[in-house]
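Undergrad: pasting the sequence and the predicted model now:
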There are 2 protein chains.
Amino acid sequence: MFYVIGLGLSDEKDITLRGLEAIKGSTRVYLEAYTSILMIDKERLEGFYGKQVILADRDMVETQSDEILRSADTEDVSLLVVGDPFGATTHTDIILRARALRIPTRVIHNASIMNAAGACGLQLYNFGQTVSLVFFTDTWRPDSFYDRVQENVGLGMHTLLLLDIKVKEQSEENMARGRKIYEPPRYMSIPTAVEQLLSTEAVRGAGILAPTDTLAIALSRVGGGAEERIVAGTLQELLAAPPEVFGAPLHSLVLVGKRVHHLEVEYAETFALDPANWRRVATEVYGCALDG
Amino acid sequence: MFYVIGLGLSDEKDITLRGLEAIKGSTRVYLEAYTSILMIDKERLEGFYGKQVILADRDMVETQSDEILRSADTEDVSLLVVGDPFGATTHTDIILRARALRIPTRVIHNASIMNAAGACGLQLYNFGQTVSLVFFTDTWRPDSFYDRVQENVGLGMHTLLLLDIKVKEQSEENMARGRKIYEPPRYMSIPTAVEQLLSTEAVRGAGILAPTDTLAIALSRVGGGAEERIVAGTLQELLAAPPEVFGAPLHSLVLVGKRVHHLEVEYAETFALDPANWRRVATEVYGCALDG
């Protein structure tokens, strides 16, 4: 059996009992490192499972799937992924490959940021499509995400923005010289995300985002207990906040849609940088009827 | 500490290690029965946890939250919910109440149908808002869901439809006589859902759903191993299929949006009732460029 096992969102204890059982019975255990580098380190998992864990970067999962799948028709092999196997990064390719090799597969689900984002108090029902935001560079400022956000805004839906991570990036010099030396991982922070949103608004100009009139909620390490941060405010407030209020990466950002319900506003108010202004914008700009 | 713990989607082994640890340390453990009646029974959980589990129906969670929260400021109390605490049914009310009482709370996330739906091969990124479909009666055929579906269809997004369940319903006679006798639970099946969709299309007439031209994927017991069913086809094919192909409830239905990517079509083809027709509709109606 080939298992693809979601590890959940924060540490080794977020795995399910079913997932742990599959790992214990597996001959080989791979850890998909593209995302997993973020929060859980390999040695800690090895200690916890009492078992060797083989790091598999995104390239390996995509191009060396036959090695990962080797002998999975007669033994159990597990591939661990952070979050859910069908969350933000999907693992359909290797499952298709397993099927083609007639290897039985089983997916063991877990929480993903796509559903845990509900922790901010906004109803998952009221979210439109999820949108990825990539790092701008001096020469490359892709703004197709803006069209997606505009679609959600047009319907009054909330938008979950997943912020870019850069791992295993090479400098131009190292790349030119063929040296496999990688830059330290980079994670897009909330202020960077807000800057990119507002600079894109300035270019595109559809008036869907405004510093003082758009409400948003920053999420970090959802489900991570003491490390979890949920911070709500206008885009301007989020931009002006000291970076440390947002906690450690990975960050995500939710843009509040106009259909927001007063109960959602009231729940999220607990997380507001400036609760009075949060209520004011919700009432005056979003047209929410709040108590008191 | 007041814990709200997601149990995941199928049985007692889908809980996370963190969730199980919280249960073991709790003085009282409640099981939210509105949804949990579906798949996991109380006695089985009690045996598994070695601990008494108190059934809390939806009313109790909403109206007797102070009893559930009693002593949670000094002891640990857990409320178990199927799926994720912020999934299809949210538990924000009781968390707000706990906050008001200055009781520390912690949510332990798990998989929800809102993210596990990715198992059908469609990318979660390409889903619009999630829509609930309630049972029609002779006199009540609420069709506001159609507007939501139309919004998603207009953008080419996929739609996850959550199908109604009826638990603790009283017959009119028992209600009139004040007898607390409840009808057996009812779960909306895929054919019923498709019938309601098509009959609403006939009334509303925006042309967003068509028996032979709309592709959909039925989901049942996702993550439930041998009990999991994923069945893809046109609405007409789903309507005509023998009910048993859809497996045991709970059922959900995904309507495929026009922005579907050929890799999504190819992944889901494995689940198709009629793979050749699945490809034909994807190509001719959805404009997907498939290999071969």
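TA: Sure thing, it's come through. Nothing here was measured: the structure is a model prediction, and the numbers come from that model. Numbers count the residues shown, from 1 in each chain, chains lettered A, B, ... in the order given.
Undergrad: all helices of chain A, in order?
TA: If you assign secondary structure with DSSP state H, the helices in chain A sit at A:17-24, A:33-36, A:42-49, A:58-63, A:65-69, A:92-100, A:113-116, A:144-155, A:172-176, A:190-204, A:235-240, A:262-269, A:275-284.
Undergrad: give me whichever of the ones you listed is most buried.
TA: helix A:113-116 (a mean of 29; mean count of other Cβ atoms under 10 Å in any protein chain shown). Every C-beta, even on glycine, is put in place using the N, C-alpha and C of the backbone.
Undergrad: so what secondary structure elements neighbour that helix?
TA: The criterion is 3 or more Cβ pairs under 8 Å, 6 or more residues apart in numbering or on different chains; DSSP states H and E, and the helices and strands that helix A:113-116 contacts are strand A:159-163, helix B:113-116.
Undergrad: which among the ones you listed is found nearest to residue B:155?
TA: Nearest to residue B:155 among the helices and strands packed on helix A:113-116 is strand A:159-163 (12.7 Å), distances taken as Cβ to Cβ.
Undergrad: just the angle between the closest one and helix A:190-204, please?
TA: In terms of direction (axes from the mean of the first three to the mean of the last three Cα atoms, to 10 degrees), strand A:159-163 departs from helix A:190-204 by 110 degrees.
Undergrad: off-centre distance for stretch A:18-33?
TA: For stretch A:18-33, the distance between its averaged C-alpha position and the chain's averaged C-alpha position is 22 Å (Cα atoms, centre = their mean, to the nearest Å).
Undergrad: and that stretch with chain B, contact?
TA: Yes: between stretch A:18-33 and chain B, judged by Cβ under 8 Å from any Cβ of the partner chain, the touching residues are A:18, A:20, A:21.
Undergrad: of all the residues you listed, which comes closest to residue A:260?
TA: Distances from residue A:260 to those, taken by Cβ to Cβ, are shortest for residue A:18, at 36.3 Å.
Undergrad: check the gap between that closest one and residue B:286 for me.
TA: 35 Å (Cβ to Cβ, to the nearest Å).
Undergrad: same question for residue A:146.
TA: 25 Å.
Undergrad: hey, least reliable of the helices of chain A by pLDDT?
TA: Averaging pLDDT over each of the helices of chain A singles out helix A:33-36 as the lowest, with a mean of 60.
Undergrad: tell me the residues of the stretch 151-292 of chain A that contact chain B?
TA: For the stretch 151-292 of chain A, the contact set with chain B under Cβ under 8 Å from any Cβ comprises A:151, A:155, A:157, A:222, A:223, A:225, A:263, A:266, A:267, A:270.
Undergrad: hmm, 7 Å instead?
TA: Residues of the stretch 151-292 of chain A lying close to chain B by Cβ under 7 Å from any Cβ of the partner chain are A:151, A:155, A:157, A:223, A:225, A:263, A:267, A:270.
Undergrad: about what we covered before: reformat the helices and strands packed on helix A:113-116 as JSON lines; add distance to residue A:75.
TA: Converted to JSON lines, the helices and strands packed on helix A:113-116 look like this (distance: least, Cβ to Cβ, whole Å):
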{"stretch": "strand A:159-163", "distance to residue A:75": "35"}
{"stretch": "helix B:113-116", "distance to residue A:75": "26"}
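Undergrad: give me the nearest residue to residue A:266, chain neighbours excluded.
TA: residue A:290 (6.8 Å; Cβ to Cβ, 6 or more residues apart in numbering or on different chains).
Undergrad: and what of residue A:191?
TA: Once chain neighbours are set aside, the closest to residue A:191 by Cβ to Cβ, 6+ apart is residue A:239, at 5.6 Å.
Undergrad: contacts only, for that neighbour.
TA: By Cβ atoms under 7 Å, 6 or more residues apart in numbering or on different chains, residue A:239 lies in contact with A:191, A:194, A:195.
Undergrad: quick one: the last one from chain B, how far?
TA: It stands for residue A:195. Residue A:195 sits 23 Å away from chain B, going by Cβ to the nearest Cβ, to the nearest Å.
Undergrad: likewise for the first one?
TA: Residue A:191 is 24 Å from chain B, where distance means Cβ to the nearest Cβ.
Undergrad: same thing with residue A:31?
TA: Residue A:31 sits 17 Å away from chain B, taking Cβ to the nearest Cβ as the criterion.
Undergrad: tell me which of the residues of stretch A:18-33 next to chain B is nearest to residue B:135?
TA: Closest approach between those and residue B:135, by Cβ to Cβ: residue A:18, at 32.3 Å.
Undergrad: number of residues surrounding the residue of the stretch 151-292 of chain A found nearest chain B?
TA: Minimum separation of the stretch 151-292 of chain A from chain B (Cβ to the nearest Cβ) falls at residue A:223, amounting to 4.4 Å. The tally of other residues near residue A:223 (other Cβ atoms under 10 Å in any protein chain shown) stands at 24.
Undergrad: quick one, phi/psi of it?
TA: When read as degrees, to the nearest 10, the backbone of residue A:223 gives phi 80, psi 0.
Undergrad: am I right that it is in contact with residue A:111?
TA: Yes: under the criterion of Cβ atoms under 7 Å, residue A:223 is in contact with residue A:111, at a separation of 6.4 Å.
Undergrad: now for those two: what residues contact both?
TA: When contacts are counted by Cβ under 7 Å, 6+ apart, residue A:223 and residue A:111 are jointly contacted by A:8, A:9, B:109.
Undergrad: can you get me a residue count around the last one?
TA: I take that to be residue B:109. Counted by other Cβ under 10 Å, the residues lying close to residue B:109 total 32.
Undergrad: so what's the nearest residue to it once chain neighbours are set aside up against?
TA: With Cβ to Cβ, 6+ apart as the criterion, residue B:109 has its nearest non-adjacent residue at 3.6 Å, and that residue is residue A:111. Under the criterion of Cβ under 7 Å, 6+ apart, the contact partners of residue A:111 comprise A:8, A:9, A:83, A:84, A:223, B:84, B:109, B:110, B:111.
Undergrad: same check, this time on residue A:230
TA: Contacts were defined as Cβ under 7 Å, 6+ apart; by that measure residue A:230 touches A:119, A:120, A:217, A:219, A:271.
Undergrad: and which of those is nearest to residue A:63?
TA: Taking Cβ to Cβ as the measure, residue A:219 is the one of the contacts of residue A:230 closest to residue A:63, at 32.4 Å.
Undergrad: and for the closest one, the neighbour number?
TA: Applying the criterion other Cβ under 10 Å, we find 27 residues in the vicinity of residue A:219.
Undergrad: so what sits opposite it in the bridge?
TA: For residue A:219, the beta-bridge partners under DSSP bridges are residue A:230, residue A:252.
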